[in-house]
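Visitor: this one's structure only:
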């Protein structure tokens, strides 16, 4: 193909959308370089004589007649050692490299590789000369960070016999071996970001193992499974970003991919400053050592937001293929949808709901359906998962707007953030009556069968959870009556329900993201806290039935301790002490009123 045929010119410019001509064989999805500075763009529409490209950089100064060069390549993600701890923009350029090249303000047309080309990695082979290998096979490892062992795999679609394999220090582009036919093997592979990475045929697995987050309202009430998809909708100030930060910090994923998609730059700056200081509760290592950050903040080009989501999920699938559990946080998918809407408007597509194009549900589905727990390609056999958690920012907190509605269709967990809870300083502001999880039954079944060996009282979790949610629902109805007639006018059994609901909200559901003890709550501690609170209700109900005044019960010293026991540095030891104190106080009260009450 001649060089002439791969060059065209700009015909029209509309914001970040450029219409070009003169390249008859151009394809949808092909990357082009626009203008004298070679601005990066992607072809989104092809007609007989013209093609349309969305440019991922500001197009100021681009005019009709400027050159357009087709690269013959799709928009791809570079995958290999160097991803962990990296901070890249929406099209995969590392921000630290851009800072070195251009300073604090990104220059248009600047190019940079995702993976450093000059850094050498210590490669240790796991295969020998003469072995036959196929796509997905692990041929060696690189210790990328103290927390992540990077497994070097044969790329999808490649197979053959190992002719040479080396051990030592190599860059990501240097051959670490050769297959038959003198095909070089490198530590880096590329993958088109809009195409899901393959896994074994029929390899999708049931979603039953929980992603433990250390957040009580999530892990106990509305859990998400490894490989599941969750949605966090909420209005301004309800705590979406802080909640995603918490999940990224404390979830028991092997690798975290955090996408800042159109959010404020100071929020991404907080992630960058916080993560290196924070210590993983399981490995005692800095959290940054298992994190990849994709930063396409609100001051960066809007069209690159759309690409940032696909770059992030492709990186997540790559680590999944190593057999890791990956958690992907997208903050926020509403800004991504707005980028889709803007580009669709500029190319003249028919708007449907609130200006969004008709294919918005398809794009949302494509993204969330890349979550899953699967048997991956290659040997040794291994299972990996990608859990996708997307924040949604509905205008005015309206959950009936298109992005929220369509997201609910493709996710299994709905964590509804409530403005009233947030303004009353109750965080996480997940509303217990509006949220749900479709994974509850399978996760609780998994916990009670697989994990209960570690702590016996887990067997009562389904009963306690169901009863706690029932009491919260019942308390909401009673509160509406109490606002009219006053709480003192209610019968004692209803006042006990209100007391118990307050205990659940304050002592269990409310969690402080910046408290040294309460920021992360281990699963066994979560269950013990709920057990103590719910057992108190069972004993108190018996006392109320035998006409013990509610004021005597609510004034027990252990009641205030139950609300604060989650903060105590001694953890479960202290909670057990409060449990014993509560039972002793209940016994004394029962003896005082001559009530036969069995307290175990």
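Guide: Received it, and whenever you're ready, just let me know what you need. Fair warning: this is a prediction, and the values are worked out from it, not measured in the lab.
Visitor: residues in contact with residue 531?
Guide: For residue 531, the contacting residues are 457, 460, 464, 579, by C-beta atoms under 8 Å, 6 or more residues apart in numbering. To be clear about C-beta, it is placed using only N, CA and C from the backbone, and glycine gets the same treatment.
Visitor: let me have these in a markdown table, adding secondary structure, neighbour count and pLDDT as columns.
Guide: Listed next are those as a markdown table, based on DSSP: H, G, I helix; E, B strand; the rest coil; neighbours: other C-beta atoms under 10 Å; pLDDT from 0 to 100:
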| residue | secondary structure | neighbour count | pLDDT |
| --- | --- | --- | --- |
| 457 | helix | 14 | 74 |
| 460 | helix | 17 | 86 |
| 464 | helix | 19 | 95 |
| 579 | helix | 22 | 96 |
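Visitor: where do the helices sit along the stretch 151-300 of the chain?
Guide: Ranges of helices in the stretch 151-300 of the chain, per DSSP state H, counting those that start in this stretch, are 216, 240-250, 265-274.
Visitor: among those, which comes closest to residue 480?
Guide: Comparison of the helices of the stretch 151-300 of the chain against residue 480 by C-beta to C-beta identifies helix 216 as nearest, at 26.0 Å.
Visitor: hmm, who's touching that closest one?
Guide: So helix 216 is contacted by 508-509, 511, 521, 526, 529-530 (C-beta under 8 Å, 6+ apart).
Visitor: among those, give me the pair with the biggest separation.
Guide: Applying C-beta to C-beta across the contacts of helix 216, the maximum distance is between 511 and 530, 13.0 Å.
Visitor: please say which of those two ends up with more neighbours.
Guide: residue 530 (24 against 21; other C-beta atoms under 10 Å).
Visitor: hey, where'd the strands end up in the stretch 51-200 of the chain?
Guide: Listed in chain order, the strands of the stretch 51-200 of the chain (DSSP state E, counting those that start in this stretch) span 67-74, 76-79, 87-88, 121-125, 132-133, 138-145, 148-153, 160-165, 168-170, 177-179, 183-185, 189-192.
Visitor: by residue count, what's the longest strand in the chain?
Guide: strand 383-392 (DSSP state E).
Visitor: what angle do that one and helix 240-250 make?
Guide: Orientation of strand 383-392 against helix 240-250 (axes from the mean of the first three to the mean of the last three C-alpha atoms, to 10 degrees) gives an angle of 160 degrees.
Visitor: quickly note the distance from the closest residue to residue 461 other than its chain neighbours to residue 458.
Guide: Excluding the flanking residues, the one nearest residue 461 by C-beta to C-beta, 6 or more residues apart in numbering is residue 527, at 5.7 Å. From residue 527 across to residue 458, the span is 6 Å (C-beta to C-beta, to the nearest Å).
Visitor: try residue 214
Guide: Residue 214 is 16 Å from residue 458, by C-beta to C-beta.
Visitor: which residues does the spatially closest residue to residue 96 that is not a sequence neighbour contact?
Guide: Computed as C-beta to C-beta, 6+ apart, the closest residue to residue 96 that is not its neighbour in sequence is residue 87, at 6.6 Å. Residue 87 is in contact with 94-96, 272, 293, 295, counting by C-beta under 8 Å, 6+ apart.
Visitor: the domain parsing of the protein - what is it?
Guide: 4-74, 79-101+113-192, 216-331+363-437, 456-592 (automatic domain parsing).
Visitor: chain center to stretch 82-93, what's the gap?
Guide: Distance of stretch 82-93 from the chain centroid (C-alpha atoms, centre = their mean, to the nearest Å) equals 17 Å.
Visitor: any stretches of the chain with poor pLDDT?
Guide: For the chain, residues meeting the criterion pLDDT under 70 lie at 1-5, 451-455.
Visitor: number of residues surrounding residue 196?
Guide: By other C-beta under 10 Å, 16 other residues sit near residue 196.
Visitor: my read: it touches residue 317, true?
Guide: Yes - using C-beta atoms under 8 Å, residue 196 makes contact with residue 317 at a distance of 6.8 Å.
Visitor: tell me the residues that contact both of those two, please.
Guide: By C-beta under 8 Å, 6+ apart, the residues touching both residue 196 and residue 317 are residue 370.
Visitor: for residue 301, give me its contacts.
Guide: Per C-beta under 8 Å, 6+ apart, neighbours of residue 301: 16, 55-58, 90.
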